[in-house]
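make a model of this:
(one chain, ligands or ions: 3)
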Amino acid sequence: MVFFLFIPIILGCIIKKIFFPKTLKSIEDKHVVITGGSSGIGKSAAVLAAKQGAHVTIIARNQQNLNTAVTEIKQACTNTKQKIQSISLDVSDYKEVGEKLNDIEETVGPIYMLINCAGLAICGKLEDISNEDIQKLVHVNFLGTVYPTKAVVPKMKQRKEGIIVITASQAAMVGIFGLSAYSGSKFALRGFAEALDMELRHHNISVTVALPADTDTPGYETENKSKPVETAMISESGGLYDPNHVAKIILQDALEGNFFSYLGIEGFITSILCVGMSKCSSLLHLFLQAFLLGPFRIIACLYLASFNRTIKKCLTKEEKNK
Ligand SMILES: *[C@@H]1O[C@H](CO)[C@@H](O)[C@H](O)[C@H]1NC(C)=O
Ligand SMILES: *[C@@H]1O[C@H](CO)[C@@H](O)[C@H](O)[C@H]1NC(C)=O
Ligand SMILES: *[C@@H]1O[C@H](CO)[C@@H](O)[C@H](O)[C@H]1NC(C)=O
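Ligands and ions are numbered 1, 2, ... in the order given. As a prediction, this is how the structure comes out:
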């Protein structure tokens with residue numbers, strides 16, 4: 001069994017090496033806009049973009065956090081011509097987003113890359129989450145990605161170049177206990193990205209969906225506080241990633257034009273299992289999907305059965321404690 005898994009991987013890698021050498025797009029001297037850029041994965045991505053010589057605009061709500069981040073990003077610059085600035089706004093307010101992004105294009109330059117990192121995670125069983133929190137998830141995670149994207153797309157189309165990054169989550173591919181509202185808002189992003197990619201492909205604009213697992217960010221700390229015990233038990237095997245590492249992978253995948261950006265063995269398995277009708281990024285990926293989808297489905301069912309047992313155990317314990 002394991003042997004059969006290795007053959008396609010090795011063959012695929014050889015094919016890739018020979019026929020598809022990596023060609024990374026460059027962001028040197030280009031304008032990169034990052035929402036949620038004052039902390040977590042967004043800030044790490046901003047620092048990396050600055051290191052690669054880009055002009056960077058970060059967007060978040062809190063001006064003080066933005067100022068601190070701008071200082072840090074400026075230190076990563078490689079030349080004195082790079083422009084680093086911030087905009088304080090609420091990404092789920094379309095009017096504000098449209099106006100401010102328009103202004104920044106005029107003062108800094110055309111937006112070549114938009115990295116949507118603004119997002120938040122609130123856990124809890126459906127009946128335990130307030131309606132305000134559910135609305136917040138939809139507004140920030142879904143609309144807060146759709147609106148900035150809508151604001152930049154027309155001009156990217158005119159210029160016939162651009163890169164859009166949509167930061168979803170592994171929970172955009174797999175629904176887990178305690179993440180019903182969060183997963184819903186993130187699954188929506190995957191559908192959005194798939195359709196958008198089809199709209200933009202012929203205009204030389206690439207779309208990348210990032211599927212990070214748990215990452216060690218301020219957002220994760222908040223999320224951790226509201227996490228039901230079942231959710232923690234199910235997701236603990238994934239570990240906690242360093243935001244700098246996650247941002248590096250996302251940036252690389254976006255510059256290579258890959259549709260999915262994932263990391264770790266679980267990310268790889270998920271990307272194969274949940275491939276559906278998404279864009280085929282390379283022959284290697286197609287090859288891997290064709291060979292691994294069946295076996296991975298069996299592995300997935302073993303995982304699901306173990307999650308099922310965990311949830312049942314917690315329920316029994318809860319009922320006993322009543
Ligand atoms: C597509 O965009 C890239 C930069 O992202 C640019 O180098 C290339 O010339 C563009 N191709 C066309 C056909 O416009
Ligand atoms: C998450 O919360 C649990 C307890 O609720 C704690 O044991 C754990 O250390 C926390 N992890 C992080 C990364 O904050
Ligand atoms: C989950 O566990 C319950 C018993 O606790 C069982 O009836 C059910 O078939 C299991 N479902 C799956 C998908 O394993």
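
for the closest residue to Glu194 other than its chain neighbours, give me the backbone phi and psi.
Computed as Cβ to Cβ, 6 or more residues apart in numbering, the closest residue to Glu194 that is not its neighbour in sequence is Ser278, at 5.4 Å. Where C-beta positions appear, they are placed from N, C-alpha and C, glycine not excepted. Main-chain dihedrals, Ser278, degrees, to the nearest 10: phi -70, psi 160.

could you do Met113 as well?
When quoted as degrees, to the nearest 10, the phi and psi of Met113 stand at phi -140, psi 130.

which residues does it bridge with?
Beta-bridge partners recorded for Met113 (DSSP bridges): Val32, Ile163.

show me the contacts for it.
Shown in contact with Met113 (Cβ atoms under 8 Å, 6 or more residues apart in numbering): 27, 30-33, 49, 54, 162-165, 254.

out of the residues you listed, which one sits closest to Ile73?
Comparing the contacts of Met113 against Ile73 with Cβ to Cβ places Ala49 closest, at 8.2 Å.

average pLDDT across the strand or helix carrying the closest one?
Using DSSP states H and E, Ala49 sits within helix 40-51. What helix 40-51 shows for mean pLDDT is 98.

next, find the distance separating Lys322 from ligand 1.
Counting by Cβ to the nearest ligand atom, to the nearest Å, the separation of Lys322 from ligand 1 is 59 Å.

do you know how far Lys95 is from ligand 1?
To ligand 1, Lys95 is 29 Å away according to Cβ to the nearest ligand atom.

make that Val108, sorry
From Val108 to ligand 1 the distance is 18 Å (Cβ to the nearest ligand atom).

same question, Ala46
Taking Cβ to the nearest ligand atom, one finds Ala46 at 19 Å from ligand 1.

ditto for Val246
In this view, Val246 and ligand 1 are 23 Å apart by Cβ to the nearest ligand atom.

for the strand or helix carrying that residue, which outside residues touch it?
Using DSSP H and E, Val246 sits within helix 243-256. For helix 243-256, the surrounding residues in contact (Cβ under 8 Å, 6+ apart) are 22-27, 40-45, 47-49, 113, 115, 163, 165, 167, 206, 208, 210, 212, 215-217, 260-263.

mind redoing it with 6 Å?
Contact with helix 243-256 is made by 24-25, 40-41, 44-45, 48, 163, 165, 208, 210, 212, 215, 217, 261, 263, as judged by Cβ atoms under 6 Å, 6 or more residues apart in numbering.

most surrounded residue in the contacts of Met113?
Sorting the contacts of Met113 by how many neighbours each has (other Cβ atoms under 10 Å) puts Ala49 first, at 29 neighbours.

now that residue: closest residue in space, sequence neighbours ignored.
Val32 (4.5 Å).

just to check, the one you found is in contact with Val56?
Yes: with contact defined as Cβ atoms under 6 Å, Val32 counts as touching Val56 (5.3 Å).

give me the common contacts of those two.
The contact sets of Val32 and Val56 overlap at Ala49 (Cβ under 6 Å, 6+ apart).

how many other residues sit next to the residue in the stretch 101-250 of the chain positioned nearest to ligand 3?
Going by Cβ to the nearest ligand atom, ligand 3 is nearest to Phe177 of the stretch 101-250 of the chain, at 12.0 Å. Counted with other Cβ under 10 Å, residues neighbouring Phe177 total 20.
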